[in-house]
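Trainee: curious how this folds, go ahead:
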Amino acid sequence: MQLEKKKRLYIMRKDIHPENYRLVAFKDMSNDDVFLTKSTANTKETLEVDGVEYPLVKLEISRSSHPFYTGKSKLIDTAGRIDKFKNKYAKFKK
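Mentor: Numbering: from 1, shown residues only. You can find the predicted model right below:
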């Protein structure tokens, strides 16, 4: 016996979605990876990709450099940060 799948119709609400979607270049500054996707992000810089100029959004980290997605963890020196935090909030201890 085969179950019938119900078809659902999703209707987007009118007049709430931006009209200025366009292709934008996102550049991961940690590894210089560039990918194109549609976005409404405002930017003043541009980047030429394959002879076409796109608005540029610079990222510090993306899917191509994030340790969760790449499986590579980076050693980060947090000892200085922890000491700074402890010193900052030591005055609140009773």
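
Trainee: residue nearest the centroid of this structure?
Mentor: residue 62 (5.6 Å; Cα atoms, centre = their mean).

Trainee: can you tell me the element residue 83 falls in?
Mentor: helix 79-89 (DSSP states H and E).

Trainee: need the contact partners of that helix.
Mentor: Here helix 79-89 makes contact (Cβ atoms under 8 Å, 6 or more residues apart in numbering) with no residue beyond itself. For the C-beta atoms, the positions are set from N, CA and C on the backbone; glycine is no exception.

Trainee: the residue nearest to the centre of the chain - nearest residue in space that isn't next to it in sequence?
Mentor: Spatial nearest neighbour of residue 62, chain neighbours left out: residue 28 (4.1 Å); criterion: Cβ to Cβ, 6 or more residues apart in numbering.

Trainee: hang on, the one you found packs against residue 61?
Mentor: Yes: if you go by Cβ atoms under 8 Å, residue 28 and residue 61 touch, sitting 6.8 Å apart.
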